[in-house]
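> give me coordinates for this.
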Amino acid sequence: MPKYRLSYVRNIGKREEQQDDFGFNGYDNPYALEREGFLSVLCDGMGGLVGGAEASRLAVDRFITSYSMQCANFTDSESDDAFLTVLLNALQEANEVVKQLGVRLGHESDCGTTLIAVLLRNDTFYWVSVGDSHIYLCHDGKLEQINKDHIYANQLQEQVERGLISQEEASLDPMKEALTSFIGIEELREISYGVQKNFIKKGTDILLCSDGFYKFLGDEKLLFLHEQDAANWTANMLEAVLKLENPYQDNCTAIAISAEDGEFEVTSRATEKAIVLN
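Numbers count the residues shown, from 1 in each chain. Predicted coordinates:
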């Protein structure tokens with residue numbers, strides 16, 4: 001079974017409330033790790049909507065619980081498609097619980113969060129995504145975003161290609177970064193996902209991060225920090241974004257996963273201090 005190094009950071013930035021949340025399934029339970037794989041989930045509550053912090057927390061909890069419960073009756077011979085189906089079902093359950101939150105708050109269809117999740121099981125890599133949080137692969141000196149941003153800019157670009165508007169009009173549209181899919185929407189019509197076999201190998205790192213990192217640092221800086229010190233990638237990302245002292249700094253959360261030869265190790269840096277879990 002592959003061994004992993006896991007690191008993660010989270011910071012409130014200049015916001016009044018922390019609306020990012022994240023969670024894991026498998027790393028502290030050898031039985032679950034072998035049977036269900038290692039699952040990482042990151043949600044970024046939508047600051048412009050009601051209940052962003054609670055939406056992200058509920059989505060993470062329901063996604064992980066749904067995944068684990070669905071896997072409970074699996075056999076060792078389950079197909080790759082079966083695990084992908086479980087992840088997609090978990091997305092739908094997370095969407096329902098956040099929709100219900102909106103109803104309770106009296107803001108139906110006005111409560112939401114992004115969600116990205118990565119599952120590593122044996123030598124297979126699965127991922128699912130809704131919204132504009134990013135999943136990257138870092139390998140061979142390259143940083144590659146593998147999921148798609150579900151934002152209005154995609155529709156604007158389609159209009160450009162059809163000759164309906166100019167590229168300049170699309171670039172200047174004030175709504176270009178508005179989400180067109182998120183957890184809590186009435187119907188999840190836009191979902192990104194993928195499966196890759198024979199994936200897990202030393203030297204390939206996976207990064208999950210909210211827009212509080214990539215929008216403020218940029219992909220080139222993220223790659224530079226990885227090349228400088230891959231083992232402390234997320235900690236250095238946090239240091240770099242805080243050094244900017246941007247008065248509009250958003251909540252920022254990142255999870256990095258690396259295939260390692262040694263024992264499972266978890267390194268966490270919260271807002272105030274660093275913690276190593278043995």
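
> can you tell me the SS state at L164?
Following DSSP: H, G, I helix; E, B strand; the rest coil, the label given to L164 is coil.

> now the strands for the protein?
Taking DSSP state E as the test, the strands found in the chain are 3-11, 20-25, 38-44, 115-121, 124-130, 134-139, 142-145, 192-196, 205-209, 252-260, 265-269, 274-277.

> single out the most deeply packed of those.
Among the strands of the chain, ranked by average contacts under mean count of other CB atoms under 10 Å, first place goes to strand 38-44 (a mean of 28). Yep, even glycine has a C-beta here, placed from its N, CA and C like the rest.

> what residues does it touch?
Strand 38-44 has contacts (CB atoms under 8 Å, 6 or more residues apart in numbering) with 4, 6, 19-27, 55-57, 59-60, 63-64, 67, 113-121, 131, 133, 183, 208-212, 251, 253, 255, 257.

> just how off-centre is it within its chain?
Strand 38-44 sits 5 Å away from the centroid of its parent chain (CA atoms, centre = their mean, to the nearest Å).

> what pairs with that strand, and is each one parallel or antiparallel?
Here strand 38-44 has these sheet partners by DSSP bridges: strand 20-25 (antiparallel), strand 115-121 (antiparallel).

> now that strand against strand 205-209, angle please.
Inter-element angle recorded for strand 38-44 and strand 205-209: 30 degrees (by axes from the mean of the first three to the mean of the last three CA atoms, to 10 degrees).

> tell me the angle of strand 38-44 relative to strand 134-139?
Inter-element angle recorded for strand 38-44 and strand 134-139: 130 degrees (by the same axes, to 10 degrees).

> dump the strands paired with strand 38-44 into CSV; add distance to A32 and mean pLDDT as well.
Converted to CSV, these look like this (distance: least, CB to CB, whole Å; pLDDT from 0 to 100):
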stretch, distance to A32, mean pLDDT
strand 20-25, 6, 94
strand 115-121, 11, 94
